[in-house]
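Undergrad: take this sequence and fold it.
(chains A and B)
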Amino acid sequence: MSRFLKQAWTIAAKDLRTELRNKEAISAALSFTLVVILLFSFAFDPVSNPDIRDLSGGLLWIAYLFSGVLLLNRSFARESSNDCIEALVASPVSGGALFIGKSVSSFLLLLLLELASLPLFGVFYSMDWARDFPMLLLVLVLGSWGFTVIGTLFSAVTVNNRLRELMLPLLVFPMTLPVLIACVQLTTVILLGDPMWDSIAWLKLLFGFDIIFTLVGAILLEIVLLA
Amino acid sequence: MSESAIAITDIWKFFGEYPAIRGVTLDIPTGRIVALLGRNGAGKTTLLRMIAGLLPPSRGHITFGGVSGDPQLHAASIGMVGHGQWLYEDLTARENLNFFASLYDVESAEEKINHWLEQVELWTFRDSRVNQFSRGMRQRLTIVRALLHAPPILLLDEPWTSLDDRAMDLLSGLLQRAHTEENHTVLVSSHQLRETLQIATHLAVIDRGKLIFEGPNRDEFRDSPHNFYQRIT
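TA: Sure thing, here's the model as predicted:
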């Protein structure tokens, strides 16, 4: 188990180091998120129209969804240069460790992006996002992980596809629909300060989705890469 | 007879309907340097990739050290230099080697990395990013990457590509040392006939996916490699 975790972390650390060094995906994703938040705030004017705040969870997750795809597109594309993906397949790293490593790096980048955008969101939508921050963080973590594991698996599927930038969202969006609906519902409730009791089912759905698709991805990745 | 390091039994590989490898059976005992020769498209790379576990065979099987199974299970015992260099452009030479050392659980990695970087004359460039390296420097680093975990089996596909004379001699020396001192098994495919035949103990020639010659290397081959090659193919 410790070998599995060590290999997974080695892969995640390598991806994070590479991304933080060249900032290929994170800069594009962060810019996109900030622009979407800014544009929506001008389009809906949430300060003058408080009812618009009911849409806040949806607006936030639309930005995260598209930014997440930008990050995930690089996940396995990063390995196509110099055929590095073959180095990983030929190494003693299991498909599961590779999957977890790749997922962790994309997840941490997405979470970083989400946390960086929240203060701006609070200013433009005049919302107290820190009111129930632990719960909001839990939803961001569970939602981002669910989105990342599906995205990582399909990033591997589309890595050799010339239209991967187009194919990835087409494959990922329908699959992650349950996660997105749950995240939108939960985020809206948290941001509006409504009681959480009615939304526990969405939280359970997120937990279940994350566990199931983490296992599915870890099992399938090796098959996908050798196909 | 020494134990088989690699035993290939009636292996086939189809790409669609086309049989790229046709019933190759080849036994490679431990400690041999086998030169895998053949014209472009003969199937050398396909065969090496199947041994490395990068391509599943359509038929037949490969065993390592007498144990049958998926070649991926034997990944730790294989070092490969393929057509792709398997190096990360945005990482330094040392970061690349540290990454692979960690994946292969190499003990005293830092010490070994320093040793190998000195061996291939890349010590000065240890903290330079690979995207600043020339092709020859990358190839030397690729060879270190393959040798770092001291694999008992080395699969080398065109290892002399992009190397200057000095680096070619360096690589030949490393391979001969791996053979004589460590008893490693080396399967090397190359179009650099002179260099390949200089170090090979045995030869295997593939033509259109079929193994057409297999046997020990001889001085007459080394003396006139092109005559040998013409005769065989």
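Undergrad: quick one: A:Leu72 and A:Ala156 touch, right?
TA: No. Using Cβ atoms under 8 Å, A:Leu72 makes no contact with A:Ala156, being 10.3 Å away. Yep, even glycine has a C-beta here, placed from its N, CA and C like the rest.
Undergrad: comparing these two, which shows the higher neighbour count?
TA: Legend: neighbour count by other Cβ atoms under 10 Å in any protein chain shown for A:Leu72 and A:Ala156, higher for A:Leu72 (29 against 25).
Undergrad: please name the nearest non-neighbouring residue to the more buried one.
TA: In space, and not counting its chain neighbours, A:Leu72 is closest to A:Gly151: 3.7 Å by Cβ to Cβ, 6 or more residues apart in numbering or on different chains.
Undergrad: what about that neighbour, neighbour count?
TA: Using other Cβ under 10 Å, A:Gly151 is surrounded by 30 other residues.
Undergrad: where does it fall, secondary structure wise?
TA: For A:Gly151, the host element (DSSP states H and E) is helix A:133-157.
Undergrad: by contact count, what packs against that helix?
TA: When contacts are defined as 3 or more Cβ pairs under 8 Å, 6 or more residues apart in numbering or on different chains; DSSP states H and E, helix A:133-157 packs onto helix A:56-77, helix A:95-124, helix A:164-175, helix A:177-192, helix A:200-226.
Undergrad: residue in chain A with the shortest distance to chain B?
TA: A:Asp83 (2.4 Å; Cβ to the nearest Cβ).
Undergrad: are we agreed that B:Trp160 is in a strand?
TA: No. Using DSSP: H, G, I helix; E, B strand; the rest coil, the assignment for B:Trp160 is coil, not a strand.
Undergrad: quick check, pLDDT for A:Pro200.
TA: Small correction: residue A:200 is Ile, not Pro. With respect to pLDDT, A:Ile200 scores 91.
Undergrad: scratch that, B:Arg126 is what I was asking about
TA: Reading off the model, B:Arg126 has pLDDT 94.
Undergrad: how about it, nearest residue that isn't a chain neighbour?
TA: B:Arg94 (4.7 Å).
Undergrad: how deep is that neighbour tucked in, by neighbour count?
TA: 19.
Undergrad: wait, it sits on B:Ser128?
TA: No. B:Arg94 is beyond contact range of B:Ser128, at 9.2 Å (criterion: Cβ under 8 Å).
Undergrad: so, low pLDDT: which residues of the chain?
TA: Because you didn't say which chain, this covers chain A. A:1, A:227 (pLDDT under 70).
Undergrad: oops, I was thinking of chain B
TA: B:1-2, B:66-73, B:220, B:222-233.
Undergrad: tell me the contacts of whichever residue of chain B sits closest to chain A?
TA: Going by Cβ to the nearest Cβ, chain A is nearest to B:Gly84 of chain B, at 2.4 Å. Shown in contact with B:Gly84 (Cβ atoms under 8 Å, 6 or more residues apart in numbering or on different chains): A:82-84, A:86-87.
Undergrad: which parts of chain A sit against chain B?
TA: A:3, A:6-7, A:10-11, A:14, A:17-18, A:21-22, A:81-84, A:86-93, A:226 (Cβ under 8 Å from any Cβ of the partner chain).
Undergrad: quick one: contacts for the closest residue to A:Trp129 other than its chain neighbours?
TA: Spatially, and ignoring its direct neighbours in sequence, A:Trp129 is nearest to A:Gly122 (4.6 Å; Cβ to Cβ, 6+ apart). Residues in contact with A:Gly122 (Cβ under 8 Å, 6+ apart) are A:128-130.
Undergrad: please produce a markdown table containing those, extended by distance to A:Ile26, secondary structure and neighbour count.
TA: Shown next, in a markdown table, are the contacts of A:Gly122 (distance: Cβ to Cβ, whole Å; DSSP: H, G, I helix; E, B strand; the rest coil; neighbours: other Cβ atoms under 10 Å in any protein chain shown):
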| residue | distance to A:Ile26 | secondary structure | neighbour count |
| --- | --- | --- | --- |
| A:Asp128 | 27 | coil | 10 |
| A:Trp129 | 21 | coil | 19 |
| A:Ala130 | 23 | coil | 10 |
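Undergrad: nearest to A:Leu115 among those?
TA: Closest to A:Leu115 out of these is A:Trp129 (10.2 Å), distances taken as Cβ to Cβ.
Undergrad: the closest one contacts A:Leu120, doesn't it?
TA: No. Under the criterion of Cβ under 8 Å, A:Trp129 makes no contact with A:Leu120, lying 10.0 Å away.
Undergrad: can you name the residues of chain B that neighbour chain A?
TA: B:52-54, B:56, B:72, B:75-76, B:78, B:80, B:82-91, B:95, B:99-100, B:102-105, B:145.
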